[in-house]
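> fold the following, please.
(chains A, B, C and D)
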2 protein chains.
Amino acid sequence: MLDTYLKECLYFTANRLGRVLTKMAEDEFASCGLSPNGAFLLMAVYEQEGITQKRLGEMLHLQPSTVTRLIEKMIGRGLIYNQTEGRLSRIYSTDKGRSLEAQIERCWDSLRERYGALLGVEYGDRITLELYEASDKLEGKRES
Amino acid sequence: MLDTYLKECLYFTANRLGRVLTKMAEDEFASCGLSPNGAFLLMAVYEQEGITQKRLGEMLHLQPSTVTRLIEKMIGRGLIYNQTEGRLSRIYSTDKGRSLEAQIERCWDSLRERYGALLGVEYGDRITLELYEASDKLEGKRES
DNA sequence: GCTTTATATTTGTATGTACAAACAATAATG
DNA sequence: CATTATTGTTTGTACATACAAATATAAAGC
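Numbers count the residues shown, from 1 in each chain, chains lettered A, B, ... in the order given. Predicted coordinates for the structure are as follows:
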């Protein structure tokens, strides 16, 4: 009976899936010495050097305080640095940070292949997009 | 560009959705003074008084240590008690715990309605089931 | 130009989850 | 039956995330 409840509860299933994939993703990105979100943050910085923390939070859908903490860690590892400009904190990648770019993309690809192998690539990609859109709807963002 | 990466990453989208729904679920279950997983655990105990911690962990897809911690908290609030039997720890609900049953079901329903209103009820239920099955596949459980 | 309001970031604290090692009890083996 | 292996639970520790309050800067209003 409870099983039925849980199978019908999106809170429960989404978090369960999140935990399963977090383990997989941490495992893949461990070869760069990064947490998955650390890797995504770095990719966002590659794409726009000098990006603000606020913007990073929006892209990664993380709260400002969470971004502060993540950035602290990555500065500590010498992968990025920040330069405050008025009330803004702008983030730049260091040489060391940039040197990981290719490796990060490889990890990212191999993560996608790994769950793709279990779910079917098409199916995996489809539910990924569905989840993204579902989150948007739940957060009141208009159709993506 | 990164947006595209993120939209294609199941790790990222599943966890994002999990965070959004966790907020919603915590909000709903707050009226019983329970965390969402606390509520589910209690439902599992209603269904089978004397259930072991191991079994609870399997149902909720949580690690044993996590279950221990959750149970500690709920014993502290007087909602359940445990009785060790050899190496097993069996869990029973107290009167206080049982008194929440109807309220928990109401919260559960209203959570489902709440995201149903934003996603469409059918669609919400469909992706919920899909996520459950995807987790099973990723964990190597045969077809559910 | 002060004073108020808004915005971006940080800090303190709390929660949920997990891993690994320790512990305790049972079962299996020689 | 004594030793070893297995199983279920707990403990110590760590991490990611968040909320609320504090801080710091910039913008608006009078």
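
> from memory A:Gly18 sits against B:Gly18, does it?
Yes - A:Gly18 is within contact range of B:Gly18, at 3.9 Å (criterion: C-beta atoms under 8 Å). Where you see a C-beta, it was placed from the backbone N, CA and C, and this is true even at glycine.

> need the helix or strand of chain A with the lowest average pLDDT.
Here the helix or strand of chain A ranked lowest by mean pLDDT, DSSP states H and E is helix A:2-7, holding a mean of 86.

> that one packs against which elements?
helix A:10-29, helix B:36-47, helix B:53-60, helix B:121-138 (3 or more C-beta pairs under 8 Å, 6 or more residues apart in numbering or on different chains; DSSP states H and E).

> now with 6 Å, please.
If you count contacts as 3 or more C-beta pairs under 6 Å, 6 or more residues apart in numbering or on different chains; DSSP states H and E, helix A:2-7 packs onto helix B:36-47.

> thinking again about what came up before, next, the buried residues of the least confident helix or strand of chain A.
Judged by neighbour count (16 or more other C-beta atoms under 10 Å in any protein chain shown), helix A:2-7 contains these buried residues: A:2, A:5-7.

> and the contacts of it?
Helix A:2-7 is contacted by residues A:12, B:43-44, B:47, B:132 when judged by C-beta atoms under 6 Å, 6 or more residues apart in numbering or on different chains.

> do it and DNA strand C meet at all?
No - against DNA strand C, helix A:2-7 shows no contacts by C-beta under 7 Å from any atom of the strand, the least distance being 12.4 Å.

> now that helix: how far from the chain's centre is it?
29 Å (C-alpha atoms, centre = their mean, to the nearest Å).

> just the CA coordinates for it, please, in PDB.
Extracted as PDB, the C-alpha positions of helix A:2-7 are listed here (Å, rounded to 0.1, in the frame of the first residue of the first chain):
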ATOM      1  CA  LEU A   2       2.600   2.500   1.000                       C
ATOM      2  CA  ASP A   3       4.600   1.500  -2.100                       C
ATOM      3  CA  THR A   4       1.600   2.700  -4.100                       C
ATOM      4  CA  TYR A   5       1.700   6.000  -2.200                       C
ATOM      5  CA  LEU A   6       5.400   6.500  -2.900                       C
ATOM      6  CA  LYS A   7       5.100   5.600  -6.500                       C
END
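
> quick revisit: quick check on the contacts of helix A:2-7: which are buried?
A:12, B:43-44, B:132.

> can you put those in TSV and add pLDDT and distance to DNA strand D?
Converted to TSV, the buried ones among the contacts of helix A:2-7 look like this (pLDDT from 0 to 100; distance: C-beta to the nearest atom of the strand, whole Å):
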residue	pLDDT	distance to DNA strand D
A:Phe12	97	17
B:Met43	96	18
B:Ala44	96	13
B:Tyr132	94	22
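
> with distance to DNA strand C as added columns, please give these in CSV.
CSV is the format used below for the buried ones among the contacts of helix A:2-7 (distance: C-beta to the nearest atom of the strand, whole Å):
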residue, distance to DNA strand C
A:Phe12, 9
B:Met43, 15
B:Ala44, 14
B:Tyr132, 15
